[in-house]
Structures are given as C-alpha cells and as structure tokens.
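**Q** Can you look at this prediction? I've put the sequence above it.
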Amino acid sequence: MKIEELKYWRHVFESRYNDIIGLISDCKVIGDNFKKNRINNDDLKFNVFTLISPKYHYENLHSDFIFSFIDPTKKHKENDLYLKLFIDMIDIELVKKEDFRTAKIYREVDNIDISIRDANSKKAIIVENKINNAVDQEKQLPRYYNLLKKEFEIVAIIYLTLDDCKTVNTSDWSKKELDKIKPLIKQIPSYTNLEGKRSLFSNWIQPAIEASKRSENKFILQQYSKLIKFLNTNNMDTASLKLFREKLLEANNLETSMSIKNMMEELPEYLAIRIEEKFINNCYPFEKVERLGTAVYFSGFTFDNIPLLLRVAFGEDPFNCKYLVNFYTEKEKYSMVEQYRDEFKILSTFNPSEGKENDICQYYNFNQELKVIELIETLCIELKNLIE
C-alpha cells in the first residue's frame with residue numbers, strides 16, 4: 001500500500017465518517033448475533049439423521065421422531081417416561097400428568113400431526129409441528145379443535161416451531177375461536193437462546209437424555225438434539241443476513257459497507273505502517289527497520305556472533321487480524337528459549353514457533369498495539385544492556 005492510498009482511505013473515512021459510524025452502530029447487534037450463532041453452531045459432521053435422509057429438515061421426520069418416543073407402546077422400552085417428560089415441558093398448570101395415565105398417542109389421525117388422547121379422563125392434547133416453518137392452513141387449529149372436542153376436552157395445543165419468531169396465524173379466526181382456542185395454545189420453539197423460555201431442546205430432549213436408562217435411546221436423542229441445534233442456528237444465520245440485507249438497502253448503506261470492506265482489507269498493511277513509522281528512526285540496537293507488505297523486520301543486531309532479528313507481522317485475514325511477534329535467529333539448532341526467553345522477563349510468555357528452537361513468538365490481539373510497542377521498546381533496552 002502506498003502512502004497515497006492511505007491518504008485516499010483516510011479521505012474516504014473522514015468524508016463518510018457519520019455514515020460509517022452509523023452503519024457500524026446499526027449493524028452491531030446483527031453482527032453480534034451472527035457471530036454468536038457461528039460460535040454456537042455445532043457442525044453436524046457425522047449424524048444419523050443426515051445419513052438416513054437429506055430431508056432431515058422436513059416436518060414428517062420431526063413428527064415421526066417425537067411420536068416414536070412419546071408413545072409408550074413403541075420400541076424404546078421406557079414405558080411412559082418420554083410422554084411424562086413431554087407433558088412436563090408443556091405447563092403443569094395447563095396439563096396434569098394424571099389425566100394421561102392411559103393415554104394413546106395418534107399420528108396423522110384426523111390430519112393432526114400428533115394427538116394425545118385419554119379415553120378415561122376424556123382429556124386431549126393437540127401437537128402441531130411447524131419446525132419446518134410451514135405456513136398455517138386456513139383455520140387449521142380451530143378445525144382440529146372442533147374435531148376433537150366432540151369426544152375430548154382439549155387441555156392444550158402445542159405449537160412447535162423452529163425458533164421464537166413464528167407465531168400462530170389467527171387472522172382468519174372468529175372472535176369466538178380466539179376466545180376459546182387461543183388461551184390453550186403453547187408456542188414452544190425447538191431451540192431458544194432466550195433465558196427462562198421453554199423449548200423442545202432444553203425442556204424435553206435434554207431431560208429425556210438424562211432420564212433414559214437405555215444407551216440406544218440416549219444416543220438417538222443426543223443425535224436429534226444436535227440436529228435441532230444445527231437447524232436452529234442455521235435459521236438464525238439466515239435471519240441475521242436478512243436483517244443485514246434490509247439495512248444495506250437503506251440510503252447509501254451499501255456503498256458505505258463497501259468502503260468499510262475495502263478499508264478492512266487494507267487494515268493489516270496499515271497496522272504494519274504504524275509500527276514501521278514508530279520505530280524507523282528509533283530502533284537501536286537494531287540497525288534497520290524495514291516493512292515488506294504486512295510485516296515489519298528489525299535487523300542488524302548481533303550478539304556473540306549470532307544475528308538476532310525481530311519481526312512483527314499481521315495476518316492476511318482482516319477479520320482475524322492479530323499481531324504476531326517473532327524473536328529469532330537464522331542459525332539452526334540455536335535455542336532462543338534457553339538463551340533469551342528465560343533471561344528476559346518481557347519474553348517469558350513467548351513459545352517456540354512451530355517447534356523451531358531458533359524462533360520464539362507471541363500473538364497479540366488487534367486492540368493490543370500499545371502492548372506490542374511496549375514489548376519492542378523493552379526488548380530494545382534489554383538487548384542494549386547486553387552490549388553496553
């Protein structure tokens with residue numbers, strides 16, 4: 001990067017300062033959420049559900065899975081353990097477990113995804129699965145409610161969603177339906193980051209893993225928990241990108257973001273220039289400071305006939321920009337640890353670079369420029385004391 005280019009980007013930044021600061025401020029929450037999702041995103045890697053079918057995000061898979069576990073008659077051999085835990089997830093005040101001691105679980109009967117019906121207590125629970133983000137059909141929940149109310153008292157309608165955002169579409173409901181049915185609806189996301197909110201992941205899958213006595217059941221539930229977390233974080237990534245796109249469509253934000261991107265790409269070289277400018281005329285006992293691209297080299301110092309060099313470099317990736325400081329000699333099989341790290345307190349945190357005896361290094365974060373400068377200044381003093 002030439003000085004002229006630095007001046008150009010300084011001009012760009014100064015002329016669009018308010019736009020740039022405003023965009024960064026507006027996008028901070030979006031960016032923080034995106035980063036958090038990436039950190040929490042547990043790559044599926046080897047997962048039984050993705051191996052079986054590429055349709056692991058489809059509604060039927062999730063409904064079939066839940067049905068297979070909460071039905072006491074299925075092959076998991078844990079009796080009604082998973083059904084009780086599922087009812088616990090709903091709400092103790094809404095649903096009493098004793099009302100479902102003789103419950104039967106139905107899949108796609110009366111077009112309902114899953115229904116839990118007890119012929120003795122005459123109580124029922126409707127489970128509508130929207131983990132695949134499918135839209136609500138016309139008066140979908142009122143239709144299911146009216147079908148079952150002929151024989152049962154509906155005590156809860158579980159509306160399973162992928163995340164916290166999706167809600168029941170009640171735009172075509174009558175006032176009577178709203179008054180009667182809406183209080184029964186319990187919207188439960190498959191996964192959530194909101195503290196204190198119930199989710200399928202935290203309030204059914206995790207307790208089910210802990211309570212399972214059979215290792216096969218634990219394994220399958222663990223695999224499903226990874227799938228749920230993966231689908232949810234991927235969906236949150238999409239939501240973050242959608243918000244970011246909408247922000248870019250405002251005013252001149254796209255042009256402003258391109259200015260930021262270009263400056264980020266030039267940032268490593270600019271940081272190197274700052275170090276070069278700081279020490280180019282103040283590098284004794286080194287004789288020379290020279291910058292090559294994004295690295296600054298200190299050379300010309302020899303002790304006991306061993307040339308010692310210092311390098312401060314910056315990663316090529318501007319979004320993971322760190323200072324890498326190397327203190328080294330080109331003489332092979334020369335232990336910098338024994339000769340200098342243990343001798344100089346300022347180098348006590350340095351470690352051999354890629355197993356090399358003749359090179360010790362330390363990383364510093366982007367916001368630690370002052371620490372890097374302090375390190376260089378202190379090291380120069382220590383080396384100067386060696387020869388005086």
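**A** Yes, it's here. Residues are numbered from 1 along each chain as shown.

**Q** Looks like Ile306 contacts Ser335 (just checking).
**A** No - the criterion here is CB atoms under 8 Å, and Ile306 misses it with Ser335 at 11.2 Å. C-beta coordinates here come from the backbone N, C-alpha and C atoms, glycine included.

**Q** Stretch 324-344: how far from the chain's middle?
**A** Here the centre of mass of C-alpha atoms in stretch 324-344, compared against the chain's by CA atoms, centre = their mean, to the nearest Å, lies 38 Å away.

**Q** Quick check: phi and psi at Thr167.
**A** phi -130, psi 170 (degrees, to the nearest 10).

**Q** Same question for Ile70.
**A** Phi and psi for Ile70, reported as degrees, to the nearest 10, are phi -80, psi -10.

**Q** Contact partners for it?
**A** 82-83, 86, 105, 114, 116 (CB atoms under 8 Å, 6 or more residues apart in numbering).

**Q** Return a ChimeraX selection command for the buried portion of the residues you listed.
**A** The following ChimeraX line selects those of the contacts of Ile70 that are buried, judged by 16 or more other CB atoms under 10 Å:
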select :82,83,86,105,114,116
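
**Q** Looking at the contacts of Ile70, which are in helices?
**A** 82-83, 86 (DSSP state H).

**Q** okay if I get those as JSON lines plus pLDDT and distance to Leu383?
**A** Listed next are the ones in helices among the contacts of Ile70 as JSON lines, based on pLDDT from 0 to 100; distance: CB to CB, whole Å:
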{"residue": "Tyr82", "pLDDT": "96", "distance to Leu383": "68"}
{"residue": "Leu83", "pLDDT": "95", "distance to Leu383": "73"}
{"residue": "Phe86", "pLDDT": "95", "distance to Leu383": "69"}
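
**Q** Do I have it right that Asn326 meets Asn358?
**A** No - the pair Asn326 / Asn358 is not scored as a contact, 10.3 Å apart, by CB under 8 Å.

**Q** Can you give me the buried ones in stretch 167-182?
**A** Result for stretch 167-182 [16+ other CB under 10 Å]: buried residues 168, 170, 173, 177, 180-181.

**Q** contacts for that stretch?
**A** 135-136, 138-139, 141-142, 145, 157, 159, 161, 185, 187.

**Q** Kindly report the same for stretch 87-106.
**A** In contact with stretch 87-106 (CB under 8 Å, 6+ apart) are residues 67, 70-73, 80, 83-84, 112, 114-121, 123, 125, 155-156, 158, 184, 186, 188, 198, 200, 203-204, 207.

**Q** Just the CA coordinates for it, please, in CSV.
**A** What follows is stretch 87-106, C-alpha atoms only, in CSV (Å, rounded to 0.1, in the frame of the first residue of the first chain):
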residue,chain,number,x,y,z
ILE,A,87,-46.2,-33.2,29.4
ASP,A,88,-43.8,-31.6,31.9
MET,A,89,-42.4,-29.4,29.1
ILE,A,90,-45.9,-28.0,28.4
ASP,A,91,-47.1,-26.5,31.6
ILE,A,92,-48.0,-28.1,34.9
GLU,A,93,-50.8,-25.6,35.4
LEU,A,94,-52.4,-26.4,32.0
VAL,A,95,-51.9,-30.1,31.9
LYS,A,96,-52.0,-32.7,34.7
LYS,A,97,-50.0,-35.9,34.1
GLU,A,98,-52.6,-38.0,36.0
ASP,A,99,-55.1,-37.1,33.2
PHE,A,100,-53.0,-39.0,30.7
ARG,A,101,-52.1,-42.3,32.6
THR,A,102,-54.0,-44.3,30.0
ALA,A,103,-53.3,-42.1,27.0
LYS,A,104,-52.9,-43.3,23.5
ILE,A,105,-50.8,-41.4,21.0
TYR,A,106,-52.0,-40.8,17.5
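
**Q** and that stretch, how far from the chain's centre?
**A** 34 Å.

**Q** Name the residues of that stretch that are buried.
**A** 87, 89-90, 95, 99-100, 103, 105-106.

**Q** which among the residues you listed gets closest to Glu374?
**A** Met89 (54.6 Å; CB to CB).
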